[in-house]
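*Asks:* turn this into a structure:
(2 chains)
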Number of protein chains: 2
Amino acid sequence: MTNRSFRARVTVRLGRGVNDPQGNTVRDGLHALGHEDVREVRVGKVIDLVLDAAAADEARARVEAMCDELLANPVIETFEIELAGEP
Amino acid sequence: MTNRSFRARVTVRLGRGVNDPQGNTVRDGLHALGHEDVREVRVGKVIDLVLDAAAADEARARVEAMCDELLANPVIETFEIELAGEP
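*Replies:* All right, here's what the predicted structure looks like:
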């Protein structure tokens, strides 16, 4: 079984309704710089990684496990996985 | 002139060659949890925001200005803007 390299982008965001002080600070900073009509600023994390797997569905399952175990806090965060094979 | 709402996703990443201690820590944590073949972990930020503008190109130009002024540090970071009209 030959493994291929996959590139994954994991986006971790605060759930709806969860207070986001960092987002509010960025919004206030943008307002102070003259961008008054910016609304609903939310700050999250993006984690780019490379892993080896036999197939795309295996790679996705492995990245999901990493999110559950370490990358996201399921109580307050949601995550989204985008996967690309590497040439 | 009627303004529309646009939803923008700004991804801010450390530039190539810039040391990423947070990414290295996440990589080590994943290795410790048994995900040994994960490589090249990089941690960045994602900023979701809503703004009003007359057209998509105006919205994009405004978000680019925000990145230059506040959201990204051009010395060590790169940014990427994805724009979607809001229904």
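
*Asks:* residues in contact with A:Asp68?
*Replies:* Contact partners of A:Asp68, counting by C-beta atoms under 8 Å, 6 or more residues apart in numbering or on different chains, are A:Pro74. All C-beta spots, glycine's among them, are computed from the backbone N, C-alpha and C.

*Asks:* I'd like the distance between it and B:Gly85.
*Replies:* Per C-beta to C-beta, to the nearest Å, A:Asp68 is found 33 Å from B:Gly85.

*Asks:* and for A:Cys67?
*Replies:* Noted for A:Cys67: a distance of 29 Å to B:Gly85, by C-beta to C-beta.

*Asks:* next one: A:Pro74
*Replies:* If you measure A:Pro74 against B:Gly85 using C-beta to C-beta, the figure is 31 Å.

*Asks:* also A:Arg13?
*Replies:* When distances are taken as C-beta to C-beta, A:Arg13 and B:Gly85 turn out to be 20 Å apart.

*Asks:* more neighbours: the two, which one.
*Replies:* Per other C-beta atoms under 10 Å in any protein chain shown, whichever of A:Arg13 and B:Gly85 has more neighbours is A:Arg13, with 20 against 12.

*Asks:* in which helix or strand does A:Pro74 reside?
*Replies:* Using DSSP states H and E, no element contains A:Pro74; it sits outside every helix and strand.

*Asks:* and the closest residue to it other than its chain neighbours, what pLDDT?
*Replies:* Here the nearest residue to A:Pro74 in space, its sequence neighbours aside, is A:Asp68; by C-beta to C-beta, 6 or more residues apart in numbering or on different chains that works out to 6.9 Å. Per-residue confidence (pLDDT) for A:Asp68: 97.

*Asks:* do you know the pLDDT at the spatially most central residue of chain A?
*Replies:* Nearest to the centroid of the C-alpha atoms of chain A, with distances taken as C-alpha atoms, centre = their mean, sits A:Thr11, at 1.0 Å. Here, the pLDDT recorded for A:Thr11 equals 98.

*Asks:* how about it, secondary structure?
*Replies:* strand (DSSP: H, G, I helix; E, B strand; the rest coil).

*Asks:* per-residue pLDDT, the closest residue to it other than its chain neighbours?
*Replies:* Among residues not flanking A:Thr11 along the chain, A:Glu80 sits closest, at 4.6 Å (C-beta to C-beta, 6+ apart). The model reports A:Glu80 with a pLDDT of 97.
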